[in-house]
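**Q** what's the 3D shape of this:
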Amino acid sequence: MVLSETIGYGLLVLLLLAAIVSVLFFNKIKRGYTDWYLFHTVKKLGYDVIQNIILHDGMDGTVCIDNLVLMPDKILVVSVGRYQGAVFASENIDIWTQVVGKRSYKFNNPLLKLEQDISAVRAHVPKIKVTGILVFSSDVDFPKGKPDNVISASEAKRCFGNTHNKKINGEYLKAWNEIKILDEV
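**A** Residues are numbered from 1 along each chain as shown. Next up, the predicted model:
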C-alpha cells in the first residue's frame, strides 16, 4: 500500500510540475510549434525547396530569400510572416501594424521585400515564370482585409500542395538546377 501511495504522489507531483511548466512556457511552446508547422508546410508545397538562399539582386546587392519552391509551371518565392494577433495591412502602405493584446507593433510591408526577392530570382532565370506569396500562420487575423499574395499556411496547402502528381517542365528544372548551383557558391 505504501508503494502505490508513493507512486500516486509522485505522479501527482509530476503532473503539477508539467502544468506549471506548460503555463510558464506556453507562448514559447506555441511559437515553436507555429514555426515548425510553417516550415513543414512550405516544404510540402512543391517538388523541391531551397531555404535561406542568398542571391545577387542584379543591382550590386544581395537578397536573402526565405524559401524558393519548385512548382510544375513556375518557381514560387515564399516569404513567411511569423506574426500573431491582428495585422492591419495593405499592398499600398509602407508600414504595417500588428496588434497583440493591448500592444501594437509596426513593421515594414513584407510585400515590398517579396517583390525584391521575386525580381532577384527573375534576374537569374529571366525566361522562367516566378511568382511569390507571403504565408502567415493561422494566429493572424486581417480585420481590414488581407492583401493579395498573402495567405495562411492552410490556404497555401490547399492552393499549392497538390502539385506532386503533375509533370515539371524541363526548362523549369534546368533553371532550378542553375539556382541551386548559385546557392552552393
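
**Q** Tell me which residue is most central in the protein.
**A** The residue lying closest to the centre of the chain (C-alpha atoms, centre = their mean) is residue 80, at 2.8 Å.

**Q** For that one, which residues are in contact?
**A** Under the criterion of C-beta atoms under 8 Å, 6 or more residues apart in numbering, the contact partners of residue 80 comprise 38, 42, 66-67, 134-136. In short, each C-beta sits where N, CA and C put it, glycine included.

**Q** Kindly report the same for residue 150.
**A** If a contact means C-beta under 8 Å, 6+ apart, then residue 150 has 81, 89, 111, 133-134, 136, 142 as its contacts.

**Q** Show me the helices in the chain, by range?
**A** For the chain, helices defined by DSSP state H occupy the ranges 2-24, 26-43, 110-124, 153-160, 170-184.

**Q** and those helices, which is most packed in?
**A** Each of the helices of the chain was given a mean neighbour count from mean count of other C-beta atoms under 10 Å, and the largest, a mean of 19, is that of helix 110-124.

**Q** quick one: the lowest-mean-pLDDT helix or strand in the chain to helix 153-160, angle?
**A** Lowest mean confidence among the helices and strands of the chain (mean pLDDT, DSSP states H and E): helix 26-43, at a mean of 74. Our comparison of helix 26-43 with helix 153-160, counting by axes from the mean of the first three to the mean of the last three C-alpha atoms, to 10 degrees, yields an angle of 10 degrees.

**Q** ok, and what's touching helix 26-43?
**A** Counting by C-beta under 8 Å, 6+ apart, residues outside helix 26-43 touching it are 22, 49, 51, 66-67, 69, 78, 80, 82, 84, 135, 137, 139, 153, 156-157.

**Q** Just name the lowest-scoring one in those, pLDDT-wise.
**A** Taking these together, the minimum pLDDT is found at residue 22 (73).

**Q** Now do it against residue 40, distance only.
**A** When C-beta to C-beta, to the nearest Å is the yardstick, residue 22 and residue 40 sit 23 Å from each other.
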